[in-house]
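Novice: The following block contains a protein sequence and its predicted model.
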Amino acid sequence: MIRSKTKISPPELAKAWGVDPAKIVHWIKVGELKAIDASTTRGGRPRYLIDLSDLAIFEASRSVTPPVARVRRRRQPEGIIEFF
């Protein structure tokens with residue numbers, strides 16, 4: 001039985017996104033991207049694994065939305081004064 005992958009490492013994610021792996025690790029360290037430390041020894045070099053569901057949440061939080069169109073105000077014709 002072959003299981004599908006549910007976790008991804010920072011180098012794999014960096015390769016998929018075309019960014020430096022250090023950038024992925026930075027997002028993990030500052031808390032923007034959730035990950036677990038799967039290293040065998042405590043206090044040693046961390047081996048981060050990112051769950052795909054956490055990755056989807058991260059992508060949704062950093063998605064870019066198009067700017068809202070500004071409503072243009074109409075100019076009042078000259079000589080008309082409105083009182084109300």
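Specialist: Here it is on my side, so go on. Quantities reported herein were computed from a predicted structural model and do not represent experimental measurements.
Novice: Going by C-alpha atoms from here, please, whenever you check contacts or count neighbours.
Specialist: Will do.
Novice: Can you pull out the low-pLDDT segments for the protein?
Specialist: Low-confidence segments of the chain, defined by pLDDT under 70: 1-3, 84.
Novice: Need phi/psi at P11.
Specialist: Dihedral pair for P11: phi -60, psi -40, per degrees, to the nearest 10.
Novice: That one: what's it in contact with?
Specialist: By Cα atoms under 8 Å, 6 or more residues apart in numbering, the contact set of P11 is P21.
Novice: swap in R47?
Specialist: 37-39.
Novice: Just give me the closest of the residues you listed to G79.
Specialist: D37 (71.9 Å; Cα to Cα).
Novice: Neighbours of that closest one, how many?
Specialist: Using other Cα atoms under 10 Å, D37 has 13 other residues around it.
Novice: I'd guessed it sits against P46; true?
Specialist: Yes - the pair D37 / P46 is scored as a contact, 5.8 Å apart, by Cα atoms under 8 Å.
Novice: For E32, see how far away the most centrally placed residue in the chain is.
Specialist: Residue closest to the mean C-alpha point of the chain, counted by Cα atoms, centre = their mean, is R62 at 3.5 Å. Distance from R62 to E32, counting by Cα to Cα, to the nearest Å: 10 Å.
Novice: Appreciated, that's everything.
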